[in-house]
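> fold the following for me, if possible:
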Amino acid sequence: MSSSALASVVVLGVGCAANPWGIMIAILLLDARRGHGIVWTYVLAWTGAISVVLVALLAGFGAVFESGSDSANTAVCWVELALGVVLIGFGVRRLLGSRGEEAPAETPHWLRAIENISYPAAFLLGIYSATYPLVIAAAGEILRADTSSAETTALVVLFVVLGSSTVAGVAALGTFAPSRSAAFLERMRAWVTAHNRAVITTIVLVLGGYLAARGLEGLL
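Below you'll find the predicted structure:
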């Protein structure tokens with residue numbers, strides 16, 4: 001297995017997991033009136049969404065490009081460069097737009113209202129919240145590497161496990177250790193609420209720069 005592909009999948013998986021909105025929503029869903037099944041529905045949808053999209057992209061790209069071929073490498077590099085430029089542009093726009101703004105003091109009303117959410121809505125929210133640009137990039141990195149079927153499967157599982165680790169971790173803490181984790185989760189929720197703009201902007205700029213660099217490296 002290529003060490004470069006492994007490192008890239010790890011970076012992208014961690015980036016997927018670091019989505020502050022996903023973490024905040026998972027914490028808030030622990031207080032849903034319908035019980036902890038709501039937050040696990042959200043986690044299931046999040047995990048299922050990134051798994052299905054990743055496998056579908058690999059199957060679709062694999063039908064057109066041979067894994068590890070020059071054509072696959074070139075196509076992936078262009079996709080990564082495009083994603084990187086878009087993410088950098090989005091991050092710069094957020095950075096410039098944040099000047100003179102103060103961080104919100106409390107959770108937005110629409111997020112507080114999800115305590116009444118239904119199971120179907122929680123499932124749809126999990127699908128909606130997943131970090132798809134990084135799923136696309138992970139599919140490209142896996143296709144770009146010349147790997148066996150077993151290695152490809154291992155990389156897919158690694159990305160999904162890492163990408164779902166934070167939301168699943170929050171759900172597990174709130175479900176199996178509610179008393180001991182309550183203070184920690186409340187501090188996390190408060191911190192993410194206060195700093196979500198800065199965190200999102202930083203993640204977007206860092207990952208955008210990483211993807212752009214990977215794309216340019218392969219094209220030059």
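
> what's downstream of the helix or strand bottoming out on mean pLDDT in the chain, the next helix or strand?
Ranked by mean pLDDT, DSSP states H and E, the weakest helix or strand in the chain is helix 109-112, scoring a mean of 62. Later in the chain than helix 109-112, the nearest helix or strand by DSSP states H and E is helix 119-129.

> please name every helix or strand in contact with that following helix.
helix 20-29, helix 37-64 (3 or more CB pairs under 8 Å, 6 or more residues apart in numbering; DSSP states H and E). For glycine as for every other residue, the C-beta is placed from the backbone atoms N, C-alpha and C.

> ok, which stretches of the protein are helices?
Per DSSP state H, the chain carries helices over the ranges 3-17, 20-29, 37-64, 70-97, 109-112, 119-129, 132-144, 149-176, 178-219.

> between these, which gets the lowest average pLDDT?
Mean pLDDT is lowest for helix 109-112 out of the helices of the chain, coming in at a mean of 62.

> follow-up on the earlier one: and the helices and strands packed on helix 119-129: which comes nearest residue 94?
helix 20-29 (12.7 Å; CB to CB).

> of the helices of the chain, which stretch is the most buried?
Comparing the helices of the chain by mean neighbour count (mean count of other CB atoms under 10 Å), helix 132-144 comes out on top with a mean of 25.

> what helices and strands are in contact with that helix?
Here helix 132-144 touches helix 3-17, helix 37-64, helix 70-97, helix 149-176, helix 178-219, going by 3+ CB pairs under 8 Å, 6+ apart.

> would you mind putting those into a markdown table with distance to residue 29 alongside?
Output for those, formatted as a markdown table (distance: least, CB to CB, whole Å):
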| stretch | distance to residue 29 |
| --- | --- |
| helix 3-17 | 17 |
| helix 37-64 | 4 |
| helix 70-97 | 25 |
| helix 149-176 | 8 |
| helix 178-219 | 11 |
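
> list just the one of these that sits closest to residue 118.
helix 37-64 (8.3 Å).

> next one: that closest one to chain centre, how far?
In terms of CA atoms, centre = their mean, to the nearest Å, the centre of helix 37-64 is found 11 Å from the chain centre.

> that helix packs against which elements?
With contacts taken as 3+ CB pairs under 8 Å, 6+ apart, helix 37-64 sits against helix 20-29, helix 119-129, helix 132-144, helix 149-176.

> so residue 161 is in contact with residue 13, correct?
Yes. Under the criterion of CB atoms under 8 Å, residue 161 makes contact with residue 13 at 7.4 Å.

> contacting residues for residue 44?
Neighbouring residues of residue 44 by CB atoms under 8 Å, 6 or more residues apart in numbering: 123, 126.

> how about 10 Å then?
Taking CB atoms under 10 Å, 6 or more residues apart in numbering as the contact definition, residue 44 lies against 37, 122-123, 126, 164, 167-168, 171.

> before we move on, the earlier item: wait, which of the helices and strands packed on helix 119-129 is closest to residue 197?
helix 20-29 (9.0 Å).

> can I get the CA coordinates of the closest one in PDB?
C-alpha atoms of helix 20-29 as PDB (Å, rounded to 0.1, in the frame of the first residue of the first chain):
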ATOM      1  CA  PRO A  20     -17.600  21.400  14.000                       C
ATOM      2  CA  TRP A  21     -21.300  21.500  12.900                       C
ATOM      3  CA  GLY A  22     -21.400  17.700  12.800                       C
ATOM      4  CA  ILE A  23     -20.000  17.500  16.300                       C
ATOM      5  CA  MET A  24     -22.300  20.200  17.700                       C
ATOM      6  CA  ILE A  25     -25.400  18.600  16.200                       C
ATOM      7  CA  ALA A  26     -24.400  15.200  17.700                       C
ATOM      8  CA  ILE A  27     -24.100  16.800  21.100                       C
ATOM      9  CA  LEU A  28     -27.400  18.500  20.900                       C
ATOM     10  CA  LEU A  29     -29.200  15.400  19.700                       C
END
